[in-house]
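> My questions are about this predicted structure, shown below with the sequence.
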Amino acid sequence: MSEGMIDRRKFITLGSATAAGMVGLALNPAEARAASEAATRARHSAATWENLVEKSSFNSTTAFTQEWNYGYPWGAYHNGAAKMLSSKVTLSGGVLTLTATRLSQSTEQSPSAPNAPIWWHSGTVHAKEPIVIDDQFPEYDIEGEFRTQTGLGIWPAFWTTGIYPDWPPESDILEYVGDSTNLFNTWTKAAGEDVPADRTEVSGHDPGTWHKYRVWMVKDGDDVVLDYYFDGVYQATHVGEGWAGIPQYLIINLQMGSWASGIDDSDPAWDQQPGPSGNTTFQARNVWFGRTRNY
């Protein structure tokens, strides 16, 4: 059990005690919701905890290959202008580095919508162990420290996703889309595919220095409640409607271009994919996730 896990358990215990102490008092809606959520999480705290990815997984190639795969779960392409190659993923001193390199010309298109022309070779990895939030595994805690370049055309992410046709769900724990504002996004089928069901923005920080990003997921009937944290500070609670039981994968990727370039396929600049030349980097360390198990 990590220090972060212990801290979170203390938070749960304090929240539950606070809720108990409020019995008989008039609560405003925000206080009532907070008390209810704290009590719900406290009920889960007796379950057995198990780590699925350790913080040490970036310490060596051997440790990495035990817990991570190169590429997306579905291959080398997604919704940007970068093709993912294992050669663009490096490990050194416990740090994972993804490097995107601008090509001298584009010679292919991504097969994934919106079919951007490929202008970068970059890197992505995904955890081998899927995330399945159900009655047996009702809670997941996911965390990592990251630093990244940001700006026009740069699209790093630390996220979970179901695989089509079981998409959504999707939780964006870290996502910068062409600027320096982090997006905590939660996607559900009920909201459709064009906009997230919930979005919380975090700005005013330097993404180029190390920051900690975290989500805590808890099953609630057919739904999943998600608490997002930035540098250890609670930011928002979202609800993943209908998420329970749907497998998701944890991904770290440095995508480029497409919407991060501020354009779509109707823009005259689409073929050129505006963005940085040379190399762009996205780094991760102390990434881990785990879950409770009910027997």
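Yep, that arrived.
> shouldn't Leu183 be in contact with Ile173?
No: using C-beta atoms under 8 Å, Leu183 is not in contact with Ile173, being 9.7 Å away. The way it works is simple: take the backbone N, C-alpha and C, and place the C-beta from them, glycine included.
> what about those two, which has more around it?
Ile173 (25 against 18; other C-beta atoms under 10 Å).
> Which element, helix or strand, includes that one?
Ile173 belongs to strand 170-175 when assigned by DSSP states H and E.
> Adjacent strands (with direction) for the following helix or strand past that strand?
Using DSSP H and E, the helix or strand that follows strand 170-175 towards the C-terminus is strand 182-187. Strand 182-187 pairs in its sheet with strand 170-175 (antiparallel), strand 198-202 (antiparallel), by DSSP bridges.
> Quick check: pLDDT value at Thr186.
Thr186 is assigned 98 on the pLDDT scale.
> let's number from 19 now, not from 1
Shifting the count to begin at 19 puts that one at Thr204.
> if we can go back for a sec, quick one: closest of the strands paired with strand 200-205 to Lys207.
Checking these against Lys207 by C-beta to C-beta gives strand 188-193 as the closest, at 10.6 Å.
> now that closest one: mean pLDDT?
98.
> next structured bit after the strand or helix carrying Arg232?
Applying DSSP H and E as the criterion places Arg232 in strand 229-238. Per DSSP H and E, the first helix or strand lying C-terminal to strand 229-238 is strand 241-248.
> Residue ranges in the stretch 119-268 of the chain under the pLDDT threshold?
In the prediction, the stretch 119-268 of the chain carries no residues with pLDDT under 70.
> residues contacting Gly196?
Residues counted as contacts of Gly196 (C-beta atoms under 8 Å, 6 or more residues apart in numbering) are 168-173, 277-280.
> Those in helices, which ones?
The helices, defined by DSSP state H, take in nothing from the contacts of Gly196.
> from those residues, which is closest to Gly210?
Gly210 has its nearest neighbour among the contacts of Gly196 in Trp277, at 16.6 Å by C-beta to C-beta.
> Check for me that Thr80 belongs to a helix.
Yes: counting by DSSP: H, G, I helix; E, B strand; the rest coil, Thr80 is found in a helix.
> Relative to Lys146, how far out is it?
Remark: distance between Thr80 and Lys146 (C-beta to C-beta, to the nearest Å) = 14 Å.
> again, but for His229
Look at His229 and Lys146: by C-beta to C-beta, they are 26 Å apart.
> Report the secondary structure state of Asp212.
At Asp212 the chain is in coil, as set by three-state DSSP.
> can you count the residues close to it?
If you count neighbours by other C-beta under 10 Å, Asp212 ends up with 5.
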